[in-house]
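1. Sequence and predicted model, in that order:
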Amino acid sequence: MIRYILSALIAFTPIAAMCQTDIEEIVTPGGTTFWLATEPTIPIVSMEIIFRGGAGVDPADRPGAVTMMAGLLNEGAGDMTALEYAAASEELAARISFDAGRDTLTVSASMLREVRTDVAELVRLAVQEPRFDPDAISRVRSQLLSVTRSNRTDPSELAREALFSIAFPDHAYSRGTDGTPPSIAVMTIEDLQAAHHAAISRDRAYISVVGDISADEAAELVDHVMVGIPSSDTPLPGDMPVHLRGGVHVVDLPGTQSRALFGHQGLQRDDPDFMAAYVMNHILGGGGFSSRLTEEIREKRGLTYGISTFMASLSHGPLFLGSVASANDTIAETIELVRREWVRMAEGGVTEQELDEAKRYLTGAYPLRFDTNAKIADILVGVQEAELGIDYTQRRNSLIEAVTVDDIARVAARLLQSDDLTVVVVGQPQGLTTTVSALN
Amino acid sequence: MILTSRLAALFSLLLLLLPASAQAQVETHHLSNGLEIVVIPDHRAPVVTHMVWYRIGAADEPAGKSGIAHYLEHLMFKGTDEIPEGQFSQIVAANGGTDNAFTSYDYTAYFQRIAADRLPLVMQMEADRMTDLIISEEVWVPERAVILEERRSRVASNPSAIMSEQRNAALYLNHPYGTPIIGWEHEMSSLTRQDALDFYARYYAPNNAILIVAGDVTLDEVVALAEENFGPLPPSDTIHARVRPQEPVAVAARRLTYEDPRVQQPYVMRSYLAQERDAGAQEDAAALTILAQLLGGGPTSVLNRALVVEQEIAVSAGAFYNGTSLDSTSFGIYAVPAANIELSQAEAALDIALEQFMLDGPDEQHLERIKVQVRAAEIFARDSQEGLARAFGAALTSGLTVQDVLNWPAALEAVTTQDVMRVAEQVLDLRQSVTAELRGLAPTEAFQ
């Protein structure tokens, strides 16, 4: 049987229709541009809107303002209180959510085709006419205080906070998205209204619609939500060099396992070597069960349940990061192995066979991402926001195919700077102490 | 609505409250060696989700060997007489596919998502490891270290997960559902290669498995491939009816407190033993599902309305129930108190809200809104071929039939106010409950 399997490997040909989704760019009568993918099989429609800005437009003394504002969008809007709005949403079986990230505020709505107009009205009300009622503010403040308290002992949150504080001193990125107990405690309705004005701007929106809907119907939906939203007048944060220059920082947290977040400067999304770096990352630590780091650290030595690296394409300071957890007495060895693989890749690049296998996986698995309407809508706004072009989903696999071992050797030598590799360890690690000065 | 994110991730069971599937086309077949086949055609894209589910899970483990079902699941990726060591996932990946597996109390399942023209390859590989697994001396010790790290990541690093283990252990006095799926650490650390091989030899066979393929395929194609790949495998004669130790009549309410210096947000959660879905008899489970929605299924639910909106003493409150289970399942309620509110006060408010609900019964409009969501969930469910495949797999390994899965939305639709009150009376009995408190340390000692 193995002969069959190997011959199947050799006979591999890329899937012809890598992404069968046809994407149209449409300008609405109201003057808004969006991307549409029609999929008539199931009578549902998904709409996704990304507003550029996110927590990046939080005032320096009010971290968490955009997150708290986003949490209030569906807590009362138009002439409806929070409970009335929730009941209206339940009556339509609407699935509406808001999420504030470091660079964006995302609005996602999935709905049955037959009630799409009513659902669009609920989305419009939330986005354009949130009430910020005192009782709703009090409720969401209480919830967000709970979240920020919990963040103080969450290993992943602590690691992220520490690494971003080192990487981006004084920048919005250093402040996180959830705010702090003091900032949430003092947030006023004026702060929330200001955050609403700053974070939701028509000229910073990227929109996609996917599902059982025609171009005209979709345009009507988009206009209903978007017309009336003002244009931006709040500056976005500036670009910033990444201050990760090596060293280990330990954050004490009781427990038997330590979590490490490590990394340094990454590549901008529009860097000519971005795709080569993307494929390199897959081979180093990105790819499921098949990366070098997984092989060395999990498979051979059993030091972790999972290790991965990823390109964090932040708008104003891209990072190349990785994450791993290991017992307190093996985390030091684990980090040493990560450093060794960093150097090995920087100095030696990858083999033809590794590159070939990575390409087969990356090109074959790409269409698997397009498996629900909501996921397709999410991909389409992401492609717009990154300004990759409407033909990107068709071109993307050929960009992967074009990467050579020389490209990877070049980008690995440039990107992977083991001297800059900065490690934050949350836990009670043995054999590791802080080697960089305290935060700020 | 903030709390739907991180803090409440632990309550993600809520998302399972209304699984549906009835509008899906589904076709079935049996091979003569006992392999059951389920095909869910979805021709939107040239991809398939290929799964093999075994009717074996953590609740079927021998005493003292907790975690063996999950450990074996990890070792199933090591190799066979045909697939070189460490190459299983590599071969899937090099063919543009993704693969993984998961273990629960009642099942262990393996799956690949891949281009439809690769289905013969992955089916051949899955059939191969059903009977020809090789676990070498070199791999079993490091892999045991991996599952111990997995336990540290999932449980030891998460006070909520530790409390959840303790709550289950106290709820089930006799049934193995009281033992964690991943295993107790002291037993996991003494599991051996031979333990895994024994478990494998006894339970992995075509007559203990279900093949589920969703995607761009037809039943005929799947049956032909299954005959070719699984057909030659002999059925096992060591597969018996799954009879586990059952719960005695519960007579004493249980309480526990777990304190952990890492806890910044305390909460109280109560679990009651509850009726599960049974083949041909899903009415009570359907009513319990609707009851959980009424009590805690969203912003307008009874508990959220009372504790979070009206009294403002909790930042989150709700209820959860998942009826897909071979043996008795649980029905849960919880409250996460706002700052400066005592857990006892939050618990008292939960009890008062429940008492009031028992007096008033459900609001008819609320019940109707839940029915709307039930109907919509059936349509939304068709968008995810992987979700559909999982719904069938979980049901068929929990003693249900394809017909039960198809009938489930109608069973939910048929639930009346009287049904809800009847099951509420039965389930909300403190004698069959555990009330668990998760606490930090006293403020002066609290972790800064």
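-> Noted; the coordinates are in hand.

2. How about residue B:257: what's its closest non-neighbour residue?
-> Take residue B:257 and drop its neighbours on the chain: the residue closest to it by Cβ to Cβ, 6 or more residues apart in numbering or on different chains is residue B:437, 4.5 Å away. Backbone N, C-alpha and C define where each C-beta goes, glycine included.

3. Quick check: pLDDT value at residue 436.
-> The chain I'm using is chain A. Model confidence at residue A:436, given as pLDDT, is 65.

4. not quite, I wanted chain B
-> 98.

5. tell me what the strand or helix carrying residue B:355 is packed against?
-> Under the criterion of DSSP states H and E, residue B:355 resides in helix B:343-360. Applying 3 or more Cβ pairs under 8 Å, 6 or more residues apart in numbering or on different chains; DSSP states H and E, one finds that helix B:343-360 contacts strand B:267-274, helix B:283-296, helix B:302-303, strand B:314-321, strand B:329-337, helix B:417-427, strand B:433-439.

6. Columns distance to residue B:401 on top of those, output as TSV?
-> Putting these into TSV (distance: least, Cβ to Cβ, whole Å) gives the following:
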stretch	distance to residue B:401
strand B:267-274	21
helix B:283-296	14
helix B:302-303	33
strand B:314-321	21
strand B:329-337	18
helix B:417-427	22
strand B:433-439	31
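
7. For those, give me CSV that also has distance to residue A:186 and mean neighbour count.
-> Putting the helices and strands packed on helix B:343-360 into CSV (distance: least, Cβ to Cβ, whole Å; neighbours: other Cβ atoms under 10 Å in any protein chain shown) gives the following:
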stretch, distance to residue A:186, mean neighbour count
strand B:267-274, 26, 25
helix B:283-296, 32, 26
helix B:302-303, 30, 24
strand B:314-321, 18, 28
strand B:329-337, 22, 26
helix B:417-427, 43, 17
strand B:433-439, 28, 22
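
8. related to what we said a few turns ago, buried residues in the helix holding residue B:355, which are they?
-> Neighbour counts over helix B:343-360 (16 or more other Cβ atoms under 10 Å in any protein chain shown) mark B:343, B:345, B:346, B:347, B:349, B:350, B:353, B:354, B:357 as buried.

9. Just the closest of those residues to chain A, please.
-> Proximity to chain A was ranked across the buried residues of helix B:343-360 by Cβ to the nearest Cβ; first place goes to residue B:346, at 12.5 Å.

10. quick revisit: give the contact list for the residue nearest to residue B:257.
-> B:255, B:256, B:257, B:258, B:266, B:267, B:268, B:343 (Cβ atoms under 8 Å, 6 or more residues apart in numbering or on different chains).

11. Leaving aside the residues adjacent along the chain, what's closest to the closest residue to chain B within chain A?
-> Here chain A gets closest to chain B at one residue, residue A:364, 1.1 Å apart by Cβ to the nearest Cβ. What sits nearest to residue A:364 in space, not counting adjacent residues and going by Cβ to Cβ, 6+ apart, is residue B:96, at 1.1 Å.

12. residues near the residue of chain A closest to chain B, how many?
-> 25 (other Cβ atoms under 10 Å in any protein chain shown).

13. pLDDT value on it, please?
-> Note on residue A:364: pLDDT of 92.

14. what about it, which helix or strand?
-> Per DSSP H and E: residue A:364 is located in helix A:352-365.

15. Run through who's touching that helix.
-> Applying Cβ under 8 Å, 6+ apart, the contact partners of helix A:352-365 are A:12, A:14-15, A:18, A:279, A:282-283, A:287, A:290, A:350, A:397, A:400-401, A:403-405, A:408, B:90, B:93-98, B:114-115.

16. Just the ones in helices from those residues, please.
-> Using DSSP state H to define helices, the subset of the contacts of helix A:352-365 located there is A:279, A:397, A:400, A:401, A:405, A:408, B:90, B:93, B:94.

17. what's the closest of those residues to residue A:217?
-> Lowest distance from residue A:217 to the ones in helices among the contacts of helix A:352-365 (Cβ to Cβ) belongs to residue A:397, with 31.2 Å.

18. Spatially nearest residue to the closest one, not counting backbone neighbours?
-> In space, and not counting its chain neighbours, residue A:397 is closest to residue A:363: 4.3 Å by Cβ to Cβ, 6+ apart.

19. Brilliant, that's me finished.
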